[in-house]
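K.L.:
I would like the atomic coordinates for the input below:
(chains A and B)
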Amino acid sequence: MKLAFFTGIVLLFIMAVVASCQSEDQVEFSRYYSGGSVIYLAHCQNCHGEKGEGLQSLIPPLTDSVFLKTNRSSLACYLKNGLKGKLTVAGREFEGEMPAVADLSPIEVAKVLTYITNSFGNKSGLINLQQIEADLKNCK
Amino acid sequence: MKNIVCAFIVIALYSACKQGSTNNTAKLPILGNREPVTKTVDGKQVTDTTYSTIPAFKFVNQYADTISDKSLDGKIYVADFFFTTCPSICPVMHRNMLNVYKEFKADDNFRIISHTIDPKYDTVPVLKKYADKMGISGNTWWLLHGTKEETYQIAKNYLVSVQEKKPQGEYIHDGYFVLVDKQKRLRGTYDGTDPAQVTKLIADIKTLKTEPDQVNAK
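P.N.:
Next comes the predicted model:
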């Protein structure tokens, strides 16, 4: 009984050490990602869906990792200015208009894009505030 | 003694529940205003209840066919209000409505009608394009175009609220799906933005289809 108690204490200690060893980057990522999930729910999910599946041929899915990677530095501008015209996503053509999500601050854009590019089967790491601020300067 | 009383109560409650669940004659409520009407039949005074029903109407669908109340005679249908450029609740409503469509598209006695509340932009070709992009074909799901006045007027009969544009240029409207029976009485309203409510709608349509009133209606 005493032994079990002692083992328990040791295990807890080890877990605490492991948890605190989580790298600074990992903590930063988690902060962006979980903040982003809330913003996604409020601004994106109605159209793009809970699983980023989009809607038939009306609204493109967010599951095309190649598209997200190729256009990574333009994503912030898509949110800020909206998107209009033809678009090929996941091998299918879409035509329509995405309204601008103009009321998002740069940090919110960074968070929601971190969430999107690391959910729905995508895995491309943190997009931080500095990156977004640089991208927004280059919007057309 | 106390234990016995407790046990008795538990058994009583359990059997009460069981009776409820084995009762298969589930019936959906009839919504809207009702009025008693007293008629004279065979010299006797008979009091009956009349329920509010959807009045006569005439709209045009995505194929430019005229759709009137007569087109829905003998059909159970679900109605909603939307517009194709709606950025807020419409995509989620129609993502859910697609489940209703898939469930009943083989049933010729079932229809879905979606009224556009932005007839100026949502012309018939725009509605057809929307239908194509949604992947809906055939005559199960009609997207209806009419004047703003007619559409807003009929919305009141479905107990759905739609309003003119907000200052930002958006329309405000409820995301309700309204279930209507073959006698054009309202039998249920469901939040079209909530997948759980839409699952209940599908179950309720199946229940409604088995009601004697519906089975016998022409």
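K.L.:
now do the strands in chain A.
P.N.:
Under the criterion DSSP state E, chain A contains strands at A:83-89, A:92-98.
K.L.:
make TSV from these and add mean neighbour count, distance to chain B and mean pLDDT to it.
P.N.:
(C-beta placed from N, C-alpha, C; glycine too.) Output for the strands of chain A, formatted as TSV (neighbours: other CB atoms under 10 Å in any protein chain shown; distance: least, CB to the nearest CB, whole Å; pLDDT from 0 to 100):
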stretch	mean neighbour count	distance to chain B	mean pLDDT
strand A:83-89	13	12	93
strand A:92-98	15	8	91
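K.L.:
CSV for these, including distance to B:Ile136?
P.N.:
Listed next are the strands of chain A as CSV, based on distance: least, CB to CB, whole Å:
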stretch, distance to B:Ile136
strand A:83-89, 21
strand A:92-98, 17
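K.L.:
of all the ones you listed, which one is nearest B:Thr53?
P.N.:
When the strands of chain A are compared by CB to CB, strand A:92-98 sits nearest B:Thr53, at 37.9 Å.
K.L.:
which helices and strands does the closest one pack with?
P.N.:
Contacts defined by 3 or more CB pairs under 8 Å, 6 or more residues apart in numbering or on different chains; DSSP states H and E place strand A:92-98 against strand A:83-89.
K.L.:
neighbours of residue 140, how many?
P.N.:
You didn't say which chain, so I picked chain A. Burial of A:Lys140 is recorded as 5 neighbouring residues (other CB atoms under 10 Å in any protein chain shown).
K.L.:
actually, chain B is the one I wanted.
P.N.:
Burial measure for B:Thr140: 18 neighbouring residues, criterion other CB under 10 Å.
K.L.:
quick check: closest non-adjacent residue to it.
P.N.:
Nearest in space to B:Thr140, with sequence neighbours left out and distances taken as CB to CB, 6 or more residues apart in numbering or on different chains, is B:Lys105 at 4.4 Å.
K.L.:
and that neighbour, how close does it get to chain A?
P.N.:
Computed as CB to the nearest CB, to the nearest Å, the B:Lys105 to chain A distance reads 15 Å.
K.L.:
secondary structure class for B:Leu98?
P.N.:
Look at B:Leu98: counting by DSSP: H, G, I helix; E, B strand; the rest coil, its state is helix.
K.L.:
actually B:Leu143, not the one I wrote
P.N.:
Under three-state DSSP, the three-state class of B:Leu143 is strand.
K.L.:
just to revisit the earlier point, wait, isn't the residue nearest to B:Thr140 in contact with B:Asn139?
P.N.:
No - using CB atoms under 8 Å, B:Lys105 makes no contact with B:Asn139, being 9.4 Å away.
K.L.:
who has more neighbours, those two?
P.N.:
B:Lys105 (16 against 13).
K.L.:
OK, contacts around the more buried one?
P.N.:
Contacts of B:Lys105 were listed using CB atoms under 8 Å, 6 or more residues apart in numbering or on different chains, and they are B:138, B:140-141.
K.L.:
could you dump those residues into JSON lines with distance to A:Met98 and pLDDT added?
P.N.:
Written out in JSON lines, the entries for the contacts of B:Lys105 read as follows (distance: CB to CB, whole Å; pLDDT from 0 to 100):
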{"residue": "B:Gly138", "distance to A:Met98": "29", "pLDDT": "95"}
{"residue": "B:Thr140", "distance to A:Met98": "29", "pLDDT": "97"}
{"residue": "B:Trp141", "distance to A:Met98": "25", "pLDDT": "98"}
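K.L.:
closest to B:Asp181 out of these?
P.N.:
B:Thr140 (17.3 Å).
K.L.:
for the closest one, give me its contacts.
P.N.:
When contacts are counted by CB under 8 Å, 6+ apart, B:Thr140 touches B:101, B:104-105, B:107, B:110-112.
K.L.:
from those, which land in helices?
P.N.:
The helices, defined by DSSP state H, take in B:101, B:104 from those.
K.L.:
now the buried members of the contacts of B:Thr140.
P.N.:
For the contacts of B:Thr140, burial is judged from neighbour counts taken by 16 or more other CB atoms under 10 Å in any protein chain shown, and it is met by B:101, B:104-105, B:110-112.
K.L.:
any idea which of those is closest to chain A?
P.N.:
Of all those, B:Tyr101 has the smallest distance to chain A: 11.1 Å, by CB to the nearest CB.
K.L.:
against A:Phe13, how distant is that closest one?
P.N.:
B:Tyr101 sits 57 Å away from A:Phe13, taking CB to CB, to the nearest Å as the criterion.
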